[in-house]
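**Student:** I need the structure of the sequence given here:
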Amino acid sequence: MFEKVYGHDRIKSMLAKMVTRDQLHHGLCFHGPAGIGKGLLAFEVSRAMMCDTRDGCGTCRHCVKMASGNHPDFKWVEPEGADIKVDQIREIAENLHYRPFEGPVRMIVMDGMERMRDEAANAFLKSLEEPPPYVYFILVTADLKALLPTIQSRCQKVAFQSLTHTDKVHILKDRFDKDEQQAQNLAGISFRRLETEDEAWQIFREDIQLALKYLQLMRGNGHAIDLLGDLVRDKEGFARFKDHLTALVRELSWLARGIAPQPFFQEFEGAMRELTAKAKPADWRDLYEQLLWLEGQRRRNLNQGLWFNALSVSGLGLQEESEAQLRQRLRR
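**Tutor:** Take a look at the predicted model:
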């Protein structure tokens, strides 16, 4: 069951048991990083619940209709424009008590729950509190804290982790028909919901070019954070850029010690060599370690702007305060 979903083996096993034993919670909340398969698994759970044999066989009439997107008892809700609108929620509420038209249950997947405004969230709460016994909700979000506590408390939360490198390689080989080397290279890039290799490379290049400029300004004691603009306030963009910046600094620390860049960094080698010539190898190693340490602070809800500010004053010989002072300031 759930063979189309890569990784997340423990979660898939748990959900498979719930489905086959008819023990699925009427309100599930899948939360974790964007682009790792939460929505796909929500769909596959819905298909299994509809399936005549409760295993997502792929051949029964319910599985065929689910695959074609035409099952009358399955509804996928996602933001219309910037947000999930209150009108979308009202439509759900108005039809909630209709019994299934064809299947044994009705499945409603709510993707992008972090983009539901308070008015819509309060309206949705009424539907979530006491759904009919034949209605199941699966909420999907990349930011659990954006959901109202009252919504969270009425759901069984399922926490997803990032895909492993091996899972990424398998996806790239199986879905995008990449050979082993191409898959290994692309898997080294921060993995988001990318439809094509061209899109993956374009986003990666843009982030690395921005990261190079950022590091040049850091090295020149410029206003590095100003370069990033709205990125500092974009949670997903910040997470992606931070991953790529960390990968770049890792490559720079290796290059400073005479180790050639990995293949997907080679087109930036000229700019990278210019940077490494302006700092000692130990500086790049220290900056890489600082990035790893700051990542731990970010997971403890360190503000993005403070994250970049702390990095800007702590790396490449620009440090104006001791590490102990920096750590103390970040704990406040």
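
**Student:** stretch 21-34 - what's its average pLDDT?
**Tutor:** Averaging pLDDT along stretch 21-34 yields 93.

**Student:** tell me how far the ends of it are from each other?
**Tutor:** Start to finish, the residues bounding stretch 21-34 are 29 Å apart (CA to CA, to the nearest Å).

**Student:** please parse the protein into its domains.
**Tutor:** Following the assignment in automatic domain parsing, the chain carries domains at 9-159, 196-331.

**Student:** below-threshold pLDDT in the stretch 51-200 of the chain: ranges please.
**Tutor:** Along the stretch 51-200 of the chain, the parts satisfying pLDDT under 70 run over 175-178, 182, 185-200.

**Student:** as a markdown table, the domains of the chain with distance to Ile171 and mean neighbour count would be great.
**Tutor:** Just so you know, the C-beta spots here come from the backbone N, C-alpha and C atoms, and that holds for glycine as well. Formatted as a markdown table, the domains of the chain follow (distance: least, CB to CB, whole Å; neighbours: other CB atoms under 10 Å):
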| stretch | distance to Ile171 | mean neighbour count |
| --- | --- | --- |
| domain 9-159 | 9 | 18 |
| domain 196-331 | 11 | 16 |
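
**Student:** how about those domains in a markdown table, adding distance to Gln184?
**Tutor:** Output for the domains of the chain, formatted as a markdown table (distance: least, CB to CB, whole Å):
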| stretch | distance to Gln184 |
| --- | --- |
| domain 9-159 | 19 |
| domain 196-331 | 9 |
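
**Student:** okay, strands next: where are they in the protein?
**Tutor:** Secondary structure of the chain (DSSP state E): strands at 27-31, 74-77, 106-111, 135-141, 156-159.

**Student:** partners of the second one in the sheet?
**Tutor:** Read it as strand 74-77. Strand 74-77 pairs in its sheet with strand 106-111 (parallel), by DSSP bridges.

**Student:** give the contact list for Ala48.
**Tutor:** Residues counted as contacts of Ala48 (CB atoms under 8 Å, 6 or more residues apart in numbering) are Met1, Phe2, Ala16, Val19, Arg54, Asp55, Gly56.

**Student:** give the contact list for the closest residue to it other than its chain neighbours.
**Tutor:** Nearest non-adjacent residue to Ala48, counting by CB to CB, 6 or more residues apart in numbering: Gly56, 4.1 Å away. Going by CB under 8 Å, 6+ apart, Gly56 touches Met1, Phe2, Glu44, Arg47, Ala48, Cys63.

**Student:** closest to Trp293 among the residues you listed?
**Tutor:** Phe2 (36.5 Å; CB to CB).

**Student:** can I assume the closest one is in contact with Glu44?
**Tutor:** Yes - with contact defined as CB atoms under 8 Å, Phe2 counts as touching Glu44 (4.9 Å).

**Student:** hang on, the earlier thing: among the contacts of Gly56, which one has the lowest pLDDT?
**Tutor:** The member of those with the lowest pLDDT is Met1, and it reads 83.

**Student:** my guess is that residue meets Met14, correct?
**Tutor:** No - using CB under 8 Å, Met1 is not in contact with Met14; the gap is 11.4 Å.

**Student:** for the stretch 1-150 of the chain, what spans make up the helices?
**Tutor:** Assigned by DSSP state H, counting those that start in this stretch, the stretch 1-150 of the chain shows helices spanning 9-20, 38-50, 61-68, 86-95, 118-129, 149-152.

**Student:** from the chain's centre, how far out does the first one sit?
**Tutor:** The reference is to helix 9-20. Centroid separation for helix 9-20 versus its chain: 21 Å, with CA atoms, centre = their mean, to the nearest Å.

**Student:** cool, and the third one?
**Tutor:** In this view, helix 61-68 has its centroid 28 Å away from the chain centroid, taken as CA atoms, centre = their mean.

**Student:** and it, C-alpha only, in PDB?
**Tutor:** Provided in PDB are the C-alpha atoms of helix 61-68 (Å, rounded to 0.1, in the frame of the first residue of the first chain):
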ATOM      1  CA  ARG A  61     -14.200   1.300 -10.000                       C
ATOM      2  CA  HIS A  62     -13.400   3.600  -7.000                       C
ATOM      3  CA  CYS A  63      -9.600   3.500  -7.700                       C
ATOM      4  CA  VAL A  64     -10.100   4.200 -11.400                       C
ATOM      5  CA  LYS A  65     -12.400   7.200 -10.600                       C
ATOM      6  CA  MET A  66      -9.900   8.500  -8.000                       C
ATOM      7  CA  ALA A  67      -7.100   8.300 -10.600                       C
ATOM      8  CA  SER A  68      -9.100  10.200 -13.100                       C
END
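
**Student:** so which elements touch it?
**Tutor:** Taking 3 or more CB pairs under 8 Å, 6 or more residues apart in numbering; DSSP states H and E as contact, the helices and strands that helix 61-68 lies on are helix 38-50.
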